[in-house]
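Trainee: Here is a sequence together with a model predicted from it:
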Amino acid sequence: MKPVIQITNLKKTYQNGKEKKEVLKGIDLNVSPGQIIGYIGPNGAGKSTTVKIMCGLLDSFSGEVLVNGTDIKKDPVEIKSQIGYIPESADIYESITPIEYFTFIAEMRRLNVPQTLDKAKQLLKYFEIEDTAHQRVGSFSKGMKQKVLIISALLHNPQIIFMDEPLSGLDANSVIKVKEMITQMAREGKTIFYSSHLMDIVEKVSNRIILLHDGKIIADGTFDELNTENHDESLEKMFARLTGHHELNTFELNPSEN
Amino acid sequence: MSAKHLLLPFKLFIKKSGANYNQVAQLVDLKLMLDNRRKLPNSGKKTAPKNSILKQALSFVVVGVFLSLMLLNTNDPYFAIFMFQTMLIIMNSITMLAEYSVSLFDPRENNTLLPLPVNGQTMGWSRVMHILIYLSVLSIGMMLPGIVFSYFKFGGITALLFFISVFFNTLFTLFITVYIYLTLIKLMDGEKLKDTMMYVQVALTIIVIAAYQVIPRHFMPENGQESILQPDWYFAFFPPAWFTSFAVIAKQPNILNGILAAVGIIVPITSILFISKKLFYGFNDGLIKMSGQASGKKQAGNVKDKTGLWFNISKTIMGVTKHEYPVFKLIWKLSGRERLFKQSLLPVLSYVVVIPAISIFVTGDMQDTEHKYITFLYFTIMSSSMLPTLLTIGNSKHAKWIFYSLPNVKPDKLFKAAIKVSLTKFFLPAYLIISLPLIYFKGGSAVLDIVTIFLFNCLITFFIQYMQTPYFMFTREKSAAQGGGTALKMFLAMFAGIPLGFLHAYLVKDNALMPIILLVIYTAMLMLISKLGFAKRYNWDYVKNVNNAF
């Protein structure tokens, strides 16, 4: 089956004055349709950077990124119209209402506005925030804002969905709902690229786990495949072992008092 | 120099009020450091240059030089210094209202500072002293030419006293404004407080601008007469007179000047004592109130989604295209709700009405047989030229990603749509308030001029947007380091409007066809800049680089 995402030798460097920091050091990756990729790694490993590059948000990188066969450097607009993106922080204009935001998204994506709003209302109901449809986002909790973002990324029925820490701020019930939603979308043949550092969720929803460390992929496979050799009890323990933090250090809160 | 040294003159006041002097100094140092690390408007650079406030002050010197040139032939020290002090109060008031009121209750550091053991007085003093540093630099910048002028014209002692009076004048303006805001904070809460503050700010700006138009005119001599100002008892009601009397006391020693000079010293000092003793208590609560953290859920309740008739009319007037429409609608809605933007825009917009209104209706220029009203209508560019900068002001700096993540967003259309909103939703209604009575007084012949000058305003707004660094709408926070920019830019725009107005009036005077010719020229230029210029200038690489979204 032809991969929906093909990444070849992806490198990304950030420059801060004279300092240069190489965040991605040559990533090669193929993703097949219908896969749920759990993209994990410690803070600063380059997870969000990879996602932003694949969504066409960052354009100064080297290597080749093809999404649905389209080169992201050549036609980012085409790719943006095919994918859904849920960012890690729920930042929307605070004075806008969810319905206004969804209308804007529908108009920009040139969707049928009434139909899109019907869909949005169903999703608002699914997330149990339908009463807030006409209230300012500024009055929402972080979790409610995150729900708005999740809905807005799904309005155009994208075949590939990039999620960058999508569960940030969500309560336990909402997390279950998102997990169900992800599973359902995978059944429909959609590809999910799920970037997170919450191992238990990734372990449960993903059918392929990619571990990024220091800008490089250091593990790639299903949990069972990755677990064959070392027999870790959980993804969390495997993560700690592979990223070199297998011994949890204790620290003294008030060293001077001892 | 650290704040610990800069604030020494206030050490006694700070300690007496119950604040911690060392903490005040540390907080001011922190604020100054953060200001230097925040982006400046129109710079496109990652950090503000360290001497940005000095550059602003240097620009204010231009204003001072301008005034000095106007008063070059004046031999009366009272008249000359009175004009300078009036100008200082006006410019400082506008700067305080338009720029620094936001810094006073800036909630950005709330999460860091409020959990620390810092009391309200300490926090209040640190905010006010932080503003005072900037305001003093700007004041000295603006008054420096006047002080030099006084030195040569009226002697060293007058110049020295003038220099000292500038500080009292600055303190007076600062503490009176702070007094108004702190009183409001004590009286109100939640959204009502924020809205009231915004409208009080607009009202104060209108009063200040009206005073600027009326007071100097009142004291200006008739043609041919020498400029002499003889202080009278009623001068006690004009704060500029207090500071003027202080500056000229050595040159014109008399009881009235002595009393007025004493008032000029007593009022600022008692304001400081009163505010720091009585109103700085609970300053921390004020910070929480202003950030909306006090009421828990802020801005709850349904919002009206529908756009009205004026939206449809505006869409048609501005020829909003299919591509521009979604952004036009979004910005239309957001612009009515973004408080920081409205707080900055409404005072600026009030000038559109106040200055021409006073010039045309109060001073009797309406009855002229020529086309003097045209010149005054050109003054409105002082507001329209500010629209592109003001549109970038807001608290939504993290919302930029929305525009990048969507397909079909063209940056030129994005900025064009936003400018069209600002022109029709805000500027045009204010412009109509001043134009419609003109049609009544002047008849149908004024219509063409009014339309032409509106087109010229559109042209200026598009041109400024074209020249300006393209920050996204409502994404740029205010920094104290930017202070004074609004007042200065408006001042310069106003003076740019005068020759243009005269030229227009001269051209249309004896030529019936000329208004139509001007209309065609402005329209052609507008089309050129909005169609070709914008498309050529804005591309995603440039816009992304400037906005530094990720």
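Mentor: Arrived safely.

Trainee: burial of the residue in the stretch 101-250 of chain A that chain B sits nearest to, as a residue count?
Mentor: Relative to chain B, the nearest point of the stretch 101-250 of chain A is residue A:107 (3.6 Å; CB to the nearest CB). C-betas here are computed from N, CA, C, even on glycine. For residue A:107, the neighbour count with other CB atoms under 10 Å in any protein chain shown is 19.

Trainee: Let's verify it: helix, strand, or coil?
Mentor: Three-state call for residue A:107 (DSSP: H, G, I helix; E, B strand; the rest coil): helix.

Trainee: so what does the lengthiest helix in chain B touch, helix or strand wise?
Mentor: Counting residues, the longest helix found in chain B (DSSP state H) is helix B:120-154. In this structure, helix B:120-154 packs against helix B:3-6, helix B:21-37, helix B:52-70, helix B:77-95, helix B:101-104, helix B:156-187, helix B:283-291, with contacts taken as 3 or more CB pairs under 8 Å, 6 or more residues apart in numbering or on different chains; DSSP states H and E.

Trainee: Tell me which of those sits most buried.
Mentor: helix B:77-95 (a mean of 25; mean count of other CB atoms under 10 Å in any protein chain shown).

Trainee: As PDB, could you dump the C-alpha coordinates of that helix?
Mentor: The C-alpha trace of helix B:77-95 is given here as PDB (Å, rounded to 0.1, in the frame of the first residue of the first chain):
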ATOM      1  CA  PRO B  77       8.500  84.300  29.300                       C
ATOM      2  CA  TYR B  78       5.100  83.600  30.800                       C
ATOM      3  CA  PHE B  79       3.400  83.200  27.400                       C
ATOM      4  CA  ALA B  80       6.200  81.100  26.000                       C
ATOM      5  CA  ILE B  81       6.600  78.700  28.900                       C
ATOM      6  CA  PHE B  82       2.800  78.500  29.300                       C
ATOM      7  CA  MET B  83       2.600  77.200  25.800                       C
ATOM      8  CA  PHE B  84       5.300  74.700  26.400                       C
ATOM      9  CA  GLN B  85       3.700  73.500  29.700                       C
ATOM     10  CA  THR B  86       0.300  73.100  27.900                       C
ATOM     11  CA  MET B  87       1.900  71.100  25.200                       C
ATOM     12  CA  LEU B  88       3.600  68.900  27.800                       C
ATOM     13  CA  ILE B  89       0.400  68.200  29.700                       C
ATOM     14  CA  ILE B  90      -1.500  67.400  26.500                       C
ATOM     15  CA  MET B  91       1.200  65.100  25.100                       C
ATOM     16  CA  ASN B  92       1.700  63.400  28.400                       C
ATOM     17  CA  SER B  93      -2.000  62.900  28.900                       C
ATOM     18  CA  ILE B  94      -2.500  61.400  25.500                       C
ATOM     19  CA  THR B  95       0.500  59.200  26.100                       C
END
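
Trainee: And the nearest residue to residue B:279 once chain neighbours are set aside, how close does it get to residue B:62?
Mentor: Among residues not flanking residue B:279 along the chain, residue B:182 sits closest, at 4.0 Å (CB to CB, 6 or more residues apart in numbering or on different chains). Using CB to CB, to the nearest Å, one gets 33 Å for the distance from residue B:182 to residue B:62.

Trainee: before we move on, what about residue A:144?
Mentor: Following CB to CB, the distance that separates residue A:144 from residue B:62 is 50 Å.

Trainee: ok so, going back, can you put the helices and strands packed on helix B:120-154 in JSON lines and add distance to residue A:63 and mean pLDDT?
Mentor: Below are the helices and strands packed on helix B:120-154 laid out as JSON lines (distance: least, CB to CB, whole Å; pLDDT from 0 to 100):
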{"stretch": "helix B:3-6", "distance to residue A:63": "49", "mean pLDDT": "84"}
{"stretch": "helix B:21-37", "distance to residue A:63": "33", "mean pLDDT": "84"}
{"stretch": "helix B:52-70", "distance to residue A:63": "39", "mean pLDDT": "76"}
{"stretch": "helix B:77-95", "distance to residue A:63": "50", "mean pLDDT": "87"}
{"stretch": "helix B:101-104", "distance to residue A:63": "44", "mean pLDDT": "76"}
{"stretch": "helix B:156-187", "distance to residue A:63": "54", "mean pLDDT": "90"}
{"stretch": "helix B:283-291", "distance to residue A:63": "43", "mean pLDDT": "72"}
